[in-house]
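This is a predicted model, with the sequence first.
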Amino acid sequence: MISIDGSIIIQIVNFIFLIWALNIILYKPIRNVLLQRKERVADFEQSIEASRRDVEEKDEAFSLGIKEAKAKGLKEKESLLQVASEEERKIIEKINEKAQADIANVRVKIAEDAESARKSLQQEIDTFADAIAQKILGRAV
């Protein structure tokens, strides 16, 4: 049978001493290491979250920059197209003016040539009329 005597008190004191010694030697260092690791993991998580936010901000800024660059490029393209079409219109106007002037010069030249030919033919009409009359009548007129 079990008898309760003074040895139980020694066992209780031994158990409490063992718990105290294990706490100081084993459990506290392990808890400290776990606490340090938990703090380090929390720091890493904060660093990761800050890096993620920074990356998102930079990505948004990059996307916004690309959109602005595209918009600026389109505006510049439209501006250049407008300038080019204006330049084209001016060149076409110059060509049309030159063509109209050339046509007017050619018409004047043709009118002068026609008048010159008419005058020379007018002078020779009598000669031609006499020659035709001689051929038709077969004798001198």
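That came through fine.

mind checking the SS state of R139?
Look at R139: counting by DSSP: H, G, I helix; E, B strand; the rest coil, its state is coil.

Show the pLDDT at it.
pLDDT for R139: 73.

next one: S85
95.

quick check, distance from the helix or strand hosting it to the centre of its chain.
For S85, the element it lies in under DSSP states H and E is helix 28-137. Helix 28-137 has its C-alpha centroid displaced from the chain centroid by 16 Å (Cα atoms, centre = their mean, to the nearest Å).

For this protein, which residues score under the pLDDT cut-off?
1-2, 141 (pLDDT under 70).

So which residue is dead centre in it?
In the chain, the C-alpha nearest the mean C-alpha coordinate belongs to K70, at 3.7 Å (Cα atoms, centre = their mean).

Now do it against L80, distance only.
15 Å (Cβ to Cβ, to the nearest Å). C-beta: built from backbone N, CA, C; applies to glycine.

Kindly report the same for I91.
In this view, I91 and L80 are 16 Å apart by Cβ to Cβ.

Now do A71: how many residues are near it, please.
10 (other Cβ atoms under 10 Å).
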